[in-house]
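Participant: A structural model of the following input is requested.
(one chain, ligands or ions: 1)
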Amino acid sequence: MLRHIARRLGSLHGQQIFNGLKGISPDQLLSKEIHRHLQSSLETISPISTTSLWPFSSQPRDFSQPNSSWSPEMRKVYDDYIGLCDTDSENGEKQKGPWRKLPSYNRSIKYATAGIHLSKLIQAKARLFTRNVKDQGATFEYVVFVNKEEKRCVCVFQAGHLLEGAPGHVHGGAIATIIDTVTGTLAGFLSGPIMTANLNIDYRSPMPLGSVVLIHSALDRIERKKTYITCKVTSTDESKLYTEATALFVSIGVGHLFGSRN
Ligand SMILES: CCCCCCCC(=O)SCCNC(=O)CCNC(=O)[C@H](O)C(C)(C)COP(=O)(O)OP(=O)(O)OC[C@H]1O[C@@H](n2cnc3c(N)ncnc32)[C@H](O)[C@@H]1OP(=O)(O)O
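Facilitator: Numbering: from 1, shown residues only. Predicted coordinates for the structure are as follows:
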């Protein structure tokens, strides 16, 4: 059953969640009571066996695609990184590139209509914080490229007008949000299911609203369940430093999200 939940929770890190569950018995992750609630909740998720493993009813929209709100600068940096990703050559062969664009959706699951514990986590109206405003360009416009070999990623981020903090500049909480998202994406990519345990941010210079910045994140080290990530936010030409951060992510079992301390 837990493997099934992991698949349904899927989204970006579904495979890692699934892998993380291999060899772990449900009892190790969940109390009997929670396990029973999950069992009955899953029975309301239908039709489980006949649908694909993807938790959306139709093709999900990838929000990290160019749109009309993107400035020429955002588009140029995006195109530069796309040029470093896998490409199809003229004879149809795949050419390996060092970078890969990660898709970005606005929710992680659609089904689940009942169940005390599931309903806390999975609600029909739930949307990822960074993708919950429909107005293009109003909040977080971003795309993440990952370099698996170098264990690092770069996010191209354009801050919209609803993210204002100090007049004309981006709110520190919005900056923290995008840093958490990008460093968390890298940690999840490298270590499977994780949660942020600690995030330290130094705001070095104010970030003008509407500006396009690069968020560079890299693996510092992994120690047991702990994945340490470093982060720097710079202008696109990297001449200006806006923010520096370090983040600690702790690996979790799916049961952690349902209240299990195991
Ligand atoms: C696609 C978008 C990706 C977005 C990513 C966004 C991710 C998020 O924002 S998650 C939301 C914010 N985070 C949370 O709500 C987490 C709340 N906290 C928790 O759930 C738990 O405290 C959690 C998971 C962090 C740690 O769980 P816990 O059971 O304490 O871990 P535990 O097994 O005891 O500790 C593991 C190790 O981490 C260390 N550790 C745990 N918490 C911390 C901390 N805050 N600071 C430093 N070290 C810590 C422990 O000391 C231990 O170290 P060691 O292996 O050396 O003994």
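Participant: in a strand, that's where Glu141 is, yeah?
Facilitator: Yes. Counting by DSSP: H, G, I helix; E, B strand; the rest coil, one finds Glu141 located in a strand.
Participant: So in terms of bridging, what pairs with it?
Facilitator: Beta bridges link Glu141 to Gln158, judged by DSSP bridges.
Participant: Would you mind confirming that it makes contact with Arg75?
Facilitator: No. Applying C-beta atoms under 8 Å as the test, Glu141 and Arg75 come out as separate, 10.7 Å apart. For every residue, glycine as well, the C-beta is placed using N, CA and C.
Participant: which one of those two has more residues nearby?
Facilitator: Glu141 (22 against 15; other C-beta atoms under 10 Å).
Participant: Tell me the predicted confidence for the more buried one.
Facilitator: Here, the pLDDT recorded for Glu141 equals 98.
Participant: for Ser71, same thing?
Facilitator: In this model, Ser71 carries a pLDDT of 98.
Participant: what's the neighbour count on it?
Facilitator: Other residues lying near Ser71 total 14 when counted by other C-beta under 10 Å.
Participant: Can you tell me how far it is from Gln65?
Facilitator: 15 Å (C-beta to C-beta, to the nearest Å).
Participant: Start and end of stretch 187-203, how far apart?
Facilitator: In stretch 187-203, first residue to last residue: 22 Å (C-alpha to C-alpha, to the nearest Å).
Participant: next one: stretch 199-219
Facilitator: Stretch 199-219: ends 14 Å apart by C-alpha to C-alpha.
Participant: List the buried residues for it?
Facilitator: Residues 199, 201, 207, 209, 211-219 are the ones in stretch 199-219 that count as buried (16 or more other C-beta atoms under 10 Å).
Participant: ok, these vs the ligand, which is closest?
Facilitator: Leu199 (8.3 Å; C-beta to the nearest ligand atom).
Participant: The closest one and Thr177, how far apart?
Facilitator: 10 Å.
Participant: What's the local residue count around Ile179?
Facilitator: 25.
Participant: That one sits in which helix or strand?
Facilitator: Following DSSP states H and E, one finds Ile179 within helix 172-191.
Participant: Could you pull out the buried residues of that helix?
Facilitator: 174-175, 177-191.
Participant: Might one say that Gly160 is in contact with Val170?
Facilitator: No. Assessed by C-beta under 8 Å, Gly160 is found out of contact with Val170, at 9.2 Å.
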